[in-house]
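Participant: Quick one: sequence and predicted model below, then my questions.
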Amino acid sequence: MKKTALLKQLLYSSEILVMPGAYDCLSAIMVQNAGFKAAQMSGYGFAACLLGQPDCGLLTFTEVLNHTRNIVRAVDIPIMADGDTGYGNAVNVIRTVQEFEEAGCAGINLEDQIWPKRCGHMSGKEVISAEEMCAKIRAAAWARKDKDFIINARTDARQKYGPQEVVRRARMYWKAGADLIFLEAPQSKDELKYYAAQLVPLGIKISANMLEGGRTPLATFKELEEMGYSRCSVPVMTTYAAAMGLKKALEKMMADGTNANLGDLIIPFSDFNKLIGLPQIRDLEEKFLTEDSIEHKYGSVEQLEKERDKGR
């Protein structure tokens, strides 16, 4: 099944689709290996990973596109791109959608913020008119070649205009052609329920965003499913977990004066090599290299196979 069709099937099933955020190839592989069925690209994580700076509209379109393309190639699960505002007006959105679709993404987030945008849980956000966002959504739907490619329309109107405006925009964006409505930064569980009660009976598919330390109180995935949400993204947990893991390991190494005592703070060399596909490289070498090349590298085919099994 095409990844676009698979993502759409997952989103339109009765079970909520949980999409952890991925900020690079390794985090995407970890999301896949943990058993999650899809991943959300995290612009927040990209900014931290690529620039070491906050998610305040500093990344360029090509930086995000190229980074996303590598991530898509690294995993088998569907990937939803973070298209920010589409990098301009409705005409710019057309190219944005086409490029991310060509890169192999199964869908894209497009938000109604004014550029430069910022993380949806940061203060100081501004939004364009609902009418302009509807034009962007219509352009996005027109631009995609695969009708299963998901247009996930995000509204950040809550912070400045309140819940009723969020509902109004959600209805307009759905009517304009969005496949999913991303309701950013509700400020209570009652508000999460309010959105679901206003939108789900109309057949509108809605998405929540659970961000640790953000403006929205964390609900369980089951709670969101029972409310009627089709999707939940967990965009920055992987970034925070990686940062904390590095912090702990580096501090211990500094304190001990050696890297010999890191224990379960790190993944062993052979296990990590298997995680990132070194055995598959060995399989390709055995399949395509000449016997002379293999003997020069390993001594024999048998030794190559031993090294492959050991993950080194």
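Facilitator: Cool, the structure landed.

Participant: Quickly find the element holding residue 10.
Facilitator: Secondary structure from DSSP states H and E places residue 10 in helix 3-11.

Participant: Run through who's touching that helix.
Facilitator: 1, 17, 37-38, 77-80, 104, 106-107, 146, 148-150, 179-180, 205, 230-231 (CB atoms under 8 Å, 6 or more residues apart in numbering). No exception for glycine: its C-beta is placed from N, CA and C like everyone else's.

Participant: buried ones in it?
Facilitator: 3-4, 6-8, 10-11 (16 or more other CB atoms under 10 Å).

Participant: Quick one: mean pLDDT over that helix.
Facilitator: On average, the pLDDT along helix 3-11 is 98.

Participant: after that helix comes which helix or strand?
Facilitator: strand 17-22.

Participant: Name every strand pairing with that next one and say which way it goes.
Facilitator: Sheet pairing for strand 17-22, assigned by DSSP bridges, gives strand 39-41 (parallel), strand 231-234 (parallel).

Participant: before we move on, the earlier item: could you check the angle strand 17-22 makes with the helix holding residue 10?
Facilitator: Between helix 3-11 and strand 17-22, the angle comes out at 130 degrees (axes from the mean of the first three to the mean of the last three CA atoms, to 10 degrees).

Participant: For the stretch 101-250 of the chain, which segments count as strands?
Facilitator: Counting by DSSP state E, counting those that start in this stretch, the stretch 101-250 of the chain has strands at residues 107-111, 150-155, 180-183, 206-209, 231-234.

Participant: Please give me every residue in contact with the spatially most central residue of the chain.
Facilitator: Taking CA atoms, centre = their mean, the centroid of the chain lies closest to residue 40, which sits 1.7 Å from it. Residue 40 is in contact with 19-22, 79-80, 82, 109, 233-235, counting by CB under 8 Å, 6+ apart.

Participant: what do you get if the cut-off is 6 Å, keeping everything else the same?
Facilitator: 19, 21, 80, 233, 235 (CB atoms under 6 Å, 6 or more residues apart in numbering).

Participant: rewinding a little: for the strands of the stretch 101-250 of the chain, give me a markdown table that also has mean pLDDT, mean neighbour count and distance to residue 46.
Facilitator: Below are the strands of the stretch 101-250 of the chain laid out as a markdown table (pLDDT from 0 to 100; neighbours: other CB atoms under 10 Å; distance: least, CB to CB, whole Å):
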| stretch | mean pLDDT | mean neighbour count | distance to residue 46 |
| --- | --- | --- | --- |
| strand 107-111 | 98 | 27 | 13 |
| strand 150-155 | 98 | 26 | 16 |
| strand 180-183 | 98 | 26 | 17 |
| strand 206-209 | 97 | 24 | 16 |
| strand 231-234 | 98 | 24 | 14 |
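
Participant: thinking again about what came up before, can you say which of the contacts of helix 3-11 are buried?
Facilitator: Among these, those buried by neighbour count (16+ other CB under 10 Å) are 17, 37-38, 77-80, 104, 106-107, 148-150, 179-180, 205, 230-231.

Participant: and the strands paired with strand 17-22 as a markdown table, adding distance to residue 308?
Facilitator: Shown next, in a markdown table, are the strands paired with strand 17-22 (distance: least, CB to CB, whole Å):
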| stretch | distance to residue 308 |
| --- | --- |
| strand 39-41 | 28 |
| strand 231-234 | 35 |
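
Participant: Test my guess that residue 218 contacts residue 211.
Facilitator: No: assessed by CB atoms under 6 Å, residue 218 is found out of contact with residue 211, at 8.4 Å.

Participant: so how many other residues sit close to the residue nearest to residue 245 when sequence neighbours are not counted?
Facilitator: Among residues not flanking residue 245 along the chain, residue 265 sits closest, at 7.0 Å (CB to CB, 6 or more residues apart in numbering). For residue 265, the count of nearby residues is 15 (other CB atoms under 10 Å).

Participant: thinking again about what came up before, now the angle between strand 107-111 and the helix holding residue 10, please.
Facilitator: Helix 3-11 runs at 70 degrees relative to strand 107-111, counting by the same axes, to 10 degrees.

Participant: Send me helix 3-11 as CSV with only the CA atoms.
Facilitator: Only the C-alpha atoms of helix 3-11 are listed here, as CSV (Å, rounded to 0.1, in the frame of the first residue of the first chain):
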residue,chain,number,x,y,z
LYS,A,3,2.3,5.5,2.3
THR,A,4,-0.2,8.2,1.5
ALA,A,5,-3.1,5.7,1.4
LEU,A,6,-1.8,4.0,4.6
LEU,A,7,-1.6,7.3,6.5
LYS,A,8,-5.1,8.2,5.3
GLN,A,9,-6.4,4.8,6.4
LEU,A,10,-4.8,5.2,9.8
LEU,A,11,-6.3,8.7,10.3
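
Participant: how about the helices in the stretch 1-150 of the chain?
Facilitator: 3-11, 25-33, 43-46, 61-74, 90-102, 130-143 (DSSP state H, counting those that start in this stretch).

Participant: Kindly reformat the ones you listed as TSV containing distance to residue 174.
Facilitator: As requested, the helices of the stretch 1-150 of the chain are arranged in TSV below (distance: least, CB to CB, whole Å):
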stretch	distance to residue 174
helix 3-11	14
helix 25-33	28
helix 43-46	23
helix 61-74	25
helix 90-102	17
helix 130-143	9
